[in-house]
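1. what follows is a protein structure lacking sequence information:
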Ligand SMILES: Nc1ncnc2c1ncn2[C@@H]1O[C@H](COP(=O)(O)OP(=O)(O)O)[C@@H](O)[C@H]1O
Ligand SMILES: O=C(O)C1=C[C@@H](OP(=O)(O)O)[C@@H](O)[C@H](O)C1
């Protein structure tokens, strides 16, 4: 996909023609451009125009930055639901270009509680890195025969689902250049970590209150572990998530990198983590992956 974004900045300054030591000519201008096909184009132009008095000339300087990227992250970010700013898109593209060679084709596994944004962030991450996106739950559904996760739980039970999930992760561990959205419970079995550690794992750490709000907004039908409760939807969901997190919190911490929404909110000066866009969360994910890669390099150099 190609997208073109142009931003213009115009600066004006008064200059004294005596000081530049020559008789001004009307509309003297120059322009200078440089191109880097990967990163876009910057065009600087300057123009002299006569001012009100004969010795005063007005210098107009324009700076035009245009970006034309192949595979620019537009499809998810322009889907309407989660708009990303020009700056966010530029940072996403530049950060991913920076770190992509150091990934050496390794897959990225997103782990985290149900509703933490693994699918949403995973799709953006895969686009900016030029990776493919794969949802582990979808692989299990296809393997069992196009039935939903909720139906698999109902028909065959959780243990059966977990076995299929482990099998799917084993298959994914043989692949390259994928961003994988794992199911919220994939972290519990140690064997799954053996497979996920073939790539780089990233924990999306979202406060449980925000998770409960998101899940209640879309309903619990597709999430069988939350679906049995009756009563006030928010309270029941929150309580169930709390119990699950108590069992799993330590397991999420096995991930190579952690993306804490509370930390992002503090950095950006936001009071509520619900105000954080998927783009902002993806930027933090890239930064945390970069931190892991640098550490990994440092450790290798030390031995
Ligand atoms: N940053 C965000 N802000 C608000 N809602 C979000 C955000 N990220 C995801 N969501 C919403 O939360 C729900 C769960 O997100 P999803 O990506 O499916 O999570 P997971 O794959 O971890 O279960 C979806 O309805 C999604 O649109
Ligand atoms: O937390 C869990 O145990 C589960 C999370 C779900 O995936 P999401 O995290 O994508 O909702 C899905 O794998 C299944 O319902 C079990």
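-> Received the coordinates, thanks. None of the values given here were measured: they were computed from a predicted structure. Ligands and ions are numbered 1, 2, ... in the order given.
2. tell me the SS of whichever residue of the stretch 1-150 of the chain sits closest to ligand 2?
-> Closest contact between the stretch 1-150 of the chain and ligand 2, by Cβ to the nearest ligand atom, is at residue 114 (3.6 Å). In short, each C-beta sits where N, CA and C put it, glycine included. Three-state call for residue 114 (DSSP: H, G, I helix; E, B strand; the rest coil): coil.
3. the nearest residue to it once chain neighbours are set aside and ligand 1, how far apart?
-> Nearest non-adjacent residue to residue 114, counting by Cβ to Cβ, 6 or more residues apart in numbering: residue 184, 4.1 Å away. For residue 184, the distance to ligand 1 (Cβ to the nearest ligand atom, to the nearest Å) stands at 7 Å.
4. right, and residue 184 touches residue 110 too?
-> No - judged on Cβ atoms under 8 Å, residue 184 makes no contact with residue 110 at a distance of 10.6 Å.
5. tell me the contacts of the residue of the stretch 1-150 of the chain closest to ligand 2?
-> 184, 211, 215, 223, 225-226, 241, 244 (Cβ atoms under 8 Å, 6 or more residues apart in numbering).
6. now flag whichever of those residues is closest to residue 85.
-> Residue 85 lies nearest to residue 211 out of these, by Cβ to Cβ, at 25.1 Å.
7. what count of nearby residues applies to the closest one?
-> Residues near residue 211, counting by other Cβ atoms under 10 Å, number 24.
8. kindly report the same for residue 207.
-> Count around residue 207 with other Cβ under 10 Å applied: 16.
9. ok, the one 10 residues further on next?
-> By other Cβ under 10 Å, the residues close to residue 217 number 10.
10. phi, psi for residue 270 please.
-> Dihedral pair for residue 270: phi -100, psi 140, per degrees, to the nearest 10.
11. in terms of helices and strands, where is residue 266?
-> For residue 266, the element it lies in under DSSP states H and E is helix 261-268.
12. close to ligand 1, is that helix?
-> No - judged by Cβ under 6 Å from any ligand atom, helix 261-268 makes no contact with ligand 1; its nearest approach is 7.9 Å.
13. other residues contacting that helix?
-> By Cβ under 8 Å, 6+ apart, helix 261-268 touches 204-207, 210, 270-273, 275-276, 280-281, 284.
14. quick one: the strands in the chain?
-> For the chain, the strands defined by DSSP state E occupy 2-16, 29-36, 40-50, 56-70, 108-111, 132-135, 178-181, 200-205, 257-260.
15. among those, which gets the worst mean confidence?
-> Mean pLDDT values for those show the minimum at strand 29-36, a mean of 36.
16. picking up where we left off before, tell me which two in the contacts of residue 114 are the farthest apart.
-> 211 and 225 (12.7 Å).
17. where does the stretch 151-300 of the chain have low pLDDT?
-> Regions of the stretch 151-300 of the chain meeting the criterion pLDDT under 70 cover residues 220, 227-231, 298-300.
18. re the thing from before, what about the contacts of helix 261-268, which one has the most neighbours?
-> Greatest neighbour count in the contacts of helix 261-268, by other Cβ under 10 Å, goes to residue 204: 25 neighbours.
19. just list whatever residues bridge to that one.
-> Counting by DSSP bridges, residue 204 is bridged to residue 259.
20. can you tell me how far it sits from residue 289?
-> Distance, residue 204 to residue 289, using Cβ to Cβ, to the nearest Å: 12 Å.
21. if we check ligand 1, which of the contacts of helix 261-268 are in contact?
-> When contact is defined as Cβ under 6 Å from any ligand atom, those meet ligand 1 at 276, 281.
22. relative to residue 275, how far out is the residue of the stretch 1-150 of the chain closest to ligand 2?
-> Separation of residue 114 from residue 275 (Cβ to Cβ) stands at 21 Å.
23. then residue 196?
-> Counting by Cβ to Cβ - residue 196 and residue 275 are separated by 30 Å.
24. likewise for residue 137?
-> As judged by Cβ to Cβ, residue 137 and residue 275 stand 28 Å apart.
25. also residue 109?
-> Counting by Cβ to Cβ, the gap from residue 109 to residue 275 is 27 Å.
26. how about residue 172?
-> Plainly put, residue 172 is 33 Å away from residue 275 if you go by Cβ to Cβ.
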